[in-house]
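K.L.:
Make a model of this:
(chains A and B)
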Amino acid sequence: MWDGPTGELTYSGLRVVELGHGTQGEIVGKLLADEGAEVIKVEPPGGVPGRRVGPFANDDPTNPDGSLHFWSYNTGKQSVVVDPDDHATRDALIASADVLITTDGPAELAHSGLDLEEIGERHPGLVLLSISPFGLTGPWRDWRTSDLVGLAAGGPLMSCGYDDHEIPPIRPGGNQGFQIAASFGHSGLLLALLERQATGLGQLVDVSMHEAIAVSGELANPYWFYPRVLLQRQTCRHAQPSPTQPALFECADGVSVYFALILSDARTWTTLVEWLDTLGLALDLGEEKYLALSCRQENFGYIQNIMESFFLMQDSTTVYEEAQRRGLPLGPVFAPEELFENVHLQERDFFVEVELPTGGDALFPASPYRFSYGNGRPGTPPRLGEHSASVLAEVGGGARG
Amino acid sequence: MSARTDKPASRGAETGIEETVSSAVGAEPLPDDDRRPVPRVGPLAGIRVADFCWMGVGSVATRLLGDFGAEVIKIENRRRIDRPRLLPIYKGEARNYGEELADADPNRGGLHNNYSRNKLGITVDMKTKRGSELVDRLIAASSVVTENFAPGVMERWGLTYERLEELSPGVIYGRMSGFGHSGPHAHFKSYGPIVQAVSGLSFISGLPGREPSGWGLSYMDNQAAYYNSAALLMAILRRNKTGLGAEIDVSAVEVGISMLGPDLLDVSVNKAVTRRADFPYGNRLPGSGAAPHGVYPAAGEDRWVAIAVLGQDDWERFVRVLGEPEWAMAEEFRTQAARQANQDALDVHVSAWTRDKTPHEVMEVLQAAGVAAGAAQNAQDLNEVDPQLAERGTFFEMDHPVIGQARFEGTPIKFSRSVQQNWRSAPLLGEDNDHVYRHILGLSEDEVADLADEGVI
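P.N.:
Purely as a prediction, here's the structure:
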């Protein structure tokens, strides 16, 4: 039984079988594979649903190996096609694993012939990681989810959108509901692996995506626990009990910067006025009366107008560097394409080349944590059934295309 | 196996606590008047953390460790109070979180209570020689050290990884920052919204043709914290096997970029440009066949319900729930491609159906038919309406000497074996000075009193 890394990387030597098709489980499998685990992704003939989600490489939706959604969450795994009715092969794969990942609720699991408790009894050292939409127990246990539905039911959606509440709350991008569930899946698995190091025993780790999202709304729950107030969403800034000033400012190059002026901080105020003065825009703000917080509060609209003009006169790059040089927390709202040109990320070698399953290579984000003893990197996402023959030969099952 | 267990540095475990481990497990409350540290249980029992973390990311990152058995000792400075202690999230008083009281009581803040339950709390002034010596001794008695100051602060105190390794061989040094500990922007200032802006997470969120709606919360405070918790556990897992320590560098911006997903790969693989008129996509999922897919008005003020009709089967079930209305049979909604092409018209029909129903009514009737739908729940719904969270015990309660009885966000995981030990609400400022300096570091009662008198602790 695996009791820690067998090589340089944290998960080297760890064998994982990924049965779930939910994105939240795929992300955990990816995090494990990227740091050295052998992750066997079990797919039905035709592939998991994620292979049919766009965007696609070369905008070609007909290639099951070309989904960028699939690539995002399946780097470095081995793809094995197993017929859903072939329980013998599935059982043999499970028997070879240290960790089993599933993503369905209890009714779907039963429909697939998977009884997690029974599997746990059969393999007492196995860690069974279930990351299901709502958890394996409770009245909603068999309800369905999606990233949007998860973020809605779990709370964060109500904090996200525009000042104009005629516009519905807007889902933040990038499948973050699934990402939140995956983060707790990863930590829960780690706690179980630590427990197993000490006792030799595996266990069932039952992660609820709904609960994970419900405890990740930052201030919304504490504001209900304590003053019992609900937060009101605002455009690209914190939802609050009552409205605050806008925090996005457009610059001369069309890129916006985020800057939330904390009026109550006297040092920030002095720094800002000095900075405005460099372009002759301090106007009367240097006057002594503005040293009183109440005066700044009364004139916040006026101050905002001056800042709008000030930022519009300069490029976002200049604004970013200059604000940070003066110790003001400010950042441009970067589009993804701008990240690849970022000097800081380049110097940290954050983007790494990955060979693509469709040929050629492209830059992917590297490991999100850096260990002094060694860091993994994303491997090529597998073509459908690419590893069927080798893996199934090993466990004695029947290979399929 | 060589799992490292941190023992008291002096004369044994003079904690004055009886070995009643089982009574301290799980939700079993302790008597309100007894806030003394208890022997810890859980997968991290025996690990002591010298925790310099503060603000959101750091405090949430070490919370998981404290919940599952680690002895997390939060190290604080009386001259620079941790912000979550001061943010005005108080019972019976609604203030925006930027509107701190000038003379805020550091023991009254609700956010700190939520972030630092199950931790010990000590104070020390690192600018004094004796304070810095005390911290060296505490590090020597710990096997994990965590911090999320601006890069350079720990170095100014001489607390490099090399020095920590001398003090505590095999130490794990968790370093959490906005931009990481190398590179030209390592010293840039950030907090949640800045990380979200700079990592691209804000840009990819919003309606096309408008400014981004981004995030109404410090999402990255939570996610960077979760990744930091995981990284610490990974290093502990490895040390248990190899006996070797580690320095860990986590950049919140890089965590954020690593979670952008397909939009990022569309740029790197297809050379797509996302700064364009039809991006981002609001609540829609172009290219997926999903329609209707959105957030629809419901009965009540600012109430909404999310509906995700993903495939043709979903559509047929959805239409049956609506009573197979005539409009749904029209040619413009017959196939997935047609529905995606005619989403504006489709959304008008769906909104007309949802508008007079509560969000929970819509959720229940659609989920009962096998269609994914979710009430856009607010915090009141989560705490007082949601039967799933209630049954799973997501939130739990503990008493606090200043705040009183309070709710906490629990861990959204049920383990069949591992236990979360909720032994105490968050520490008062310096609450555990006596316990830590006397019983862990072996100082006498008089020495601790002197340190307090001289303002060292």
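
K.L.:
now the stretch 51-200 of chain B, which segments are flagged as low pLDDT?
P.N.:
By pLDDT under 70, the stretch 51-200 of chain B has no low-scoring segment.

K.L.:
Find the nearest non-adjacent residue to the residue of chain B found nearest chain A, please.
P.N.:
Taking C-beta to the nearest C-beta as the measure, chain B has B:K241 as its residue closest to chain A, at 2.4 Å. For the C-beta atoms, the positions are set from N, CA and C on the backbone; glycine is no exception. The spatial neighbour of B:K241 that comes closest, neighbours along the chain excluded (C-beta to C-beta, 6 or more residues apart in numbering or on different chains), is A:G4 at 2.4 Å.

K.L.:
Make sure the one you found is indeed in a strand.
P.N.:
No. If the criterion is DSSP: H, G, I helix; E, B strand; the rest coil, then A:G4 is coil and not within a strand.

K.L.:
Wait, it touches A:A198, no?
P.N.:
No. A:G4 lies out of contact with A:A198 (C-beta atoms under 8 Å); the separation is 11.7 Å.

K.L.:
Can you pick out the residue with more neighbours from these two?
P.N.:
When A:G4 and A:A198 are compared on other C-beta atoms under 10 Å in any protein chain shown, the one with more neighbours turns out to be A:G4, at 20 against 14.

K.L.:
Just the pLDDT at the more buried one, thanks.
P.N.:
The predicted structure scores A:G4 at 97 on the pLDDT scale.

K.L.:
Where does pLDDT dip in the stretch 251-400 of chain B?
P.N.:
Screening the stretch 251-400 of chain B residue by residue with the criterion pLDDT under 70, one finds no matching range.

K.L.:
where do the helices sit along it?
P.N.:
Assigned helices in the stretch 251-400 of chain B, in chain order: B:252-258, B:262-270, B:312-321, B:336-341, B:343-354, B:359-368, B:379-384, B:387-392 (criterion: DSSP state H, counting those that start in this stretch).

K.L.:
Tell me the helices and strands packed up against the first one.
P.N.:
Read that as helix B:252-258. Using 3 or more C-beta pairs under 8 Å, 6 or more residues apart in numbering or on different chains; DSSP states H and E as the contact criterion, the neighbours of helix B:252-258 among helices and strands are helix A:343-347, strand A:361-365, helix B:192-198, helix B:219-242.

K.L.:
Dump the first one to CSV, restricted to CA.
P.N.:
Coordinates of the C-alpha atoms in helix A:343-347 are reproduced here as CSV (Å, rounded to 0.1, in the frame of the first residue of the first chain):
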residue,chain,number,x,y,z
VAL,A,343,6.9,39.9,-17.3
HIS,A,344,6.4,38.7,-13.7
LEU,A,345,4.8,35.4,-14.8
GLN,A,346,7.4,35.0,-17.5
GLU,A,347,10.2,35.4,-15.0
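
K.L.:
Pull out the buried residues from it.
P.N.:
By 16 or more other C-beta atoms under 10 Å in any protein chain shown, the buried positions in helix A:343-347 come out as A:344-345.

K.L.:
Three-state assignment for A:L129, please.
P.N.:
Reducing the assignment to helix, strand or coil with three-state DSSP, the entry for A:L129 is strand.

K.L.:
Please read the previous query as pertaining to B:R175.
P.N.:
B:R175 carries the three-state label strand when classified by three-state DSSP.

K.L.:
what's the spacing between it and A:G360?
P.N.:
36 Å (C-beta to C-beta, to the nearest Å).

K.L.:
Of the two, give the one with the bigger neighbour count.
P.N.:
Taking neighbours as other C-beta under 10 Å, B:R175 and A:G360 compare with B:R175 leading, 23 against 9.

K.L.:
Next up, the contacts around that one.
P.N.:
Under the criterion of C-beta atoms under 8 Å, 6 or more residues apart in numbering or on different chains, the contact partners of B:R175 comprise B:146-148, B:154, B:181, B:247-250.
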